[in-house]
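> Sequence and predicted model, in that order:
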Amino acid sequence: MGQAAAGGHGEPAPDDVDLDAWYRLPPVAAGKAHVRSNFVSSLDGAAEVDGRSGALGGSADRRVFRTLRWLADVVLVGAGTAVAEDYGPVIVPPQRREQRLAAGQAPVPPVAVISGSLRLDPSARLFGADVRPLVLTCRAAPADRYRELAAVADMLVCGDETVDPAAALHALAERGLGRVLCEGGPSLHAALAGAGLLDELCLTLAPLLVGPDRIRIVGGHRWPMPVTMALGHVLEEDGSLFLRYLRR
Ligand SMILES: NC(=O)c1ccc[n+]([C@@H]2O[C@H](COP(=O)([O-])OP(=O)(O)OC[C@H]3O[C@@H](n4cnc5c(N)ncnc54)[C@H](OP(=O)(O)O)[C@@H]3O)[C@@H](O)[C@H]2O)c1
């Protein structure tokens, strides 16, 4: 992977890049959150092919995906994505675990799932993981499902009828999970970005056209005005662009 040359049609830089350096996070004060999202999209804006994102990303995308996980304190996803993509625990190799420990992080970042309905299967592989996942929910959640999930996950109640994204981030930050990697999906992403809570977007632009009528990287209701982002970097490999955009 290399840095795309300014002006486009860039020859990739010959050496492989240090992804840790390119995606380094700024310091995050105790009790505060830095929210980074990571998505892959086709050139025509599709965020899924037949309901999953796997067909969009190649090996370089998977390297970026892993690196971002290894830099995060917590991986945050909406229930739709956790189910559609059959989420499991984050895999961190031993050497990275040591690096994380040395940096004051837990060896493995937990996965936090946002769900109001709690239609999550407590026997799903995510809930059998060594690292106990978190479930962020609201007071209106069904009590029986809450009880079932509380046996296999740490439950955080952040809102009345739905999960308040700001309250959810606050609850995570209070547990020392300030560096948040949101892996989607589109509904959660739109809620965070629309509320002004998204600090950066890491977007892989995959060199293919998927066609109309696909989910995009944001979903739900229209916003009153656009959110402006500033380009952080562009990397390139095999025709895919790896874009990092920061909140203005
Ligand atoms: N291209 C990519 O990089 C990428 C990344 C992620 C996902 N995807 C794709 O996106 C699709 C899934 O889309 P989606 O919109 O269903 O994803 P989602 O945002 O992961 O899930 C939506 C669900 O999350 C819960 N949720 C989100 N915000 C909430 C809030 N404020 N309060 C309470 N609950 C909240 C709700 O769950 P409950 O219904 O349980 O209340 C809601 O139905 C899949 O096809 C997946 O492959 C693509």
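Now that the structure is in, tell me what you want to look at. Numbers count the residues shown, from 1 in each chain.
> how about the helices in this protein?
Remark: helices assigned in the chain by DSSP state H are 19-22, 59-71, 79-84, 94-102, 143-150, 165-174, 186-194.
> Quick one: closest of these to the ligand.
helix 79-84 (2.0 Å; Cβ to the nearest ligand atom). From N, CA and C alone the C-beta is placed, and that goes for glycine too.
> residues in contact with that closest one?
Applying Cβ atoms under 8 Å, 6 or more residues apart in numbering, the contact partners of helix 79-84 are 48, 51-52, 87, 111, 113-115, 117, 119-120, 124, 126, 183-185, 187-188.
> End to end on stretch 39-46, go ahead and measure it.
10 Å (Cα to Cα, to the nearest Å).
> buried sites along that stretch?
Buried residues in stretch 39-46, counted by 16 or more other Cβ atoms under 10 Å: F39, V40, S41, S42, A46.
> filter the contacts of helix 79-84 by proximity to the ligand?
Among the contacts of helix 79-84, proximity to the ligand is found for E48, G51, R52, I114, S115, S117, R119, E183, G184, G185, S187, L188 (Cβ under 6 Å from any ligand atom).
> Need the nearest residue in space to the fifth one, chain neighbours excluded.
The shortest distance from S115 to any residue that is not its chain neighbour, by Cβ to Cβ, 6 or more residues apart in numbering, is 3.7 Å, and that residue is A79.
> The one you found: neighbouring residues, count only.
23 (other Cβ atoms under 10 Å).
> Format the buried residues of stretch 39-46 as JSON lines; extra columns: distance to the ligand.
Shown next, in JSON lines, are these (distance: Cβ to the nearest ligand atom, whole Å):
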{"residue": "F39", "distance to the ligand": "4"}
{"residue": "V40", "distance to the ligand": "4"}
{"residue": "S41", "distance to the ligand": "6"}
{"residue": "S42", "distance to the ligand": "9"}
{"residue": "A46", "distance to the ligand": "8"}
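> what does the protein have sitting close to the ligand?
So the chain meets the ligand at 39-40, 47-48, 51-53, 56, 77-81, 84-85, 114-117, 119, 162-163, 165, 183-188, 191, 215, 219 (Cβ under 6 Å from any ligand atom).
> Throw together a ChimeraX command that grabs the buried residues out of these.
Buried subset of the residues of the chain next to the ligand, written as a ChimeraX selection, criterion 16+ other Cβ under 10 Å:
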select :39,40,47,48,53,56,77,78,79,80,81,84,85,114,115,116,163,165,183,184,185,186,187,188,191,215,219
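> Low-confidence stretches in the protein?
5-15 (pLDDT under 70).
> where do the strands sit along it?
Shown for the chain, the strands assigned by DSSP state E span residues 2-3, 34-42, 74-78, 111-114, 134-137, 154-157, 179-182, 200-206, 229-237, 240-247.
> Let's have the ones you listed in JSON lines, adding distance to R66.
Shown next, in JSON lines, are the strands of the chain (distance: least, Cβ to Cβ, whole Å):
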{"stretch": "strand 2-3", "distance to R66": "19"}
{"stretch": "strand 34-42", "distance to R66": "11"}
{"stretch": "strand 74-78", "distance to R66": "11"}
{"stretch": "strand 111-114", "distance to R66": "14"}
{"stretch": "strand 134-137", "distance to R66": "21"}
{"stretch": "strand 154-157", "distance to R66": "24"}
{"stretch": "strand 179-182", "distance to R66": "11"}
{"stretch": "strand 200-206", "distance to R66": "12"}
{"stretch": "strand 229-237", "distance to R66": "14"}
{"stretch": "strand 240-247", "distance to R66": "13"}
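> All good on my end, thank you.
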